[in-house]
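Colleague: Any chance you can model this:
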Amino acid sequence: MKLIAAYALLVLGGKEAPTSAEVSAVVTSAGGEVDEASLAALFTDLEGKDIHELLAKGEEDLKSCVGAAAPAGGAAPAAEGAPAAAAKKVEEEEVDALDGGMDMFGGGGGGGDY
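Modeller: The predicted structure follows:
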């Protein structure tokens, strides 16, 4: 993923066809390590292809996937059968953090000279 990101950054920076050395330099300058086999595979896969066309196709493919996933199987029945007592909001009493007589600086109860 970092190799593709580095390639895309170089394209955005104006390089029409970044080289493997340039992609490697971007990754290493950001503190990453480059797997030479993955780098070679990336350039083999991108050979003769336009990155802009690949990104546009990927975006279209993602659009066709949106909303295709079904909700979790147990979610709907649990909501229908939930008892009324569980829906009731539990009120909690607020507790003053300074009730113990000390503030965060070790003084006695807040206030004073700051």
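Colleague: burial of the spatially closest residue to residue 38 that is not a sequence neighbour, as a residue count?
Modeller: Nearest non-adjacent residue to residue 38, counting by CB to CB, 6 or more residues apart in numbering: residue 3, 6.0 Å away. C-beta coordinates here come from the backbone N, C-alpha and C atoms, glycine included. Burial of residue 3, expressed as a neighbour count using other CB atoms under 10 Å, amounts to 20.
Colleague: ok, residues contacting the helix or strand containing residue 3?
Modeller: Residue 3 belongs to helix 2-12 when elements are defined using DSSP states H and E. Around helix 2-12, the neighbours that count as contacts under CB atoms under 8 Å, 6 or more residues apart in numbering are 18, 22-23, 26-27, 30, 32, 34, 38-39, 42, 46, 51-52, 55.
Colleague: Name the residues of that helix that are buried.
Modeller: 3, 6-7, 9-11 (16 or more other CB atoms under 10 Å).
Colleague: from those residues, which two are the most distant?
Modeller: Taking CB to CB as the measure, the buried residues of helix 2-12 reach their widest spread between 3 and 11, a distance of 12.8 Å.
Colleague: In the lengthiest helix in the chain, which residues are buried?
Modeller: Ranked by residue count under DSSP state H, the longest helix found in the chain is helix 51-65. By 16+ other CB under 10 Å, the buried positions in helix 51-65 come out as residue 51.
Colleague: What segments of the chain are helices?
Modeller: With DSSP H, the ranges of helices along the chain come out as 2-12, 20-29, 36-46, 51-65, 75-80, 84-87.
Colleague: avg pLDDT for the fourth one?
Modeller: By that I understand helix 51-65. When pLDDT is averaged over helix 51-65, the result is 88.
Colleague: which secondary structure elements does it contact?
Modeller: Here helix 51-65 touches helix 2-12, going by 3 or more CB pairs under 8 Å, 6 or more residues apart in numbering; DSSP states H and E.
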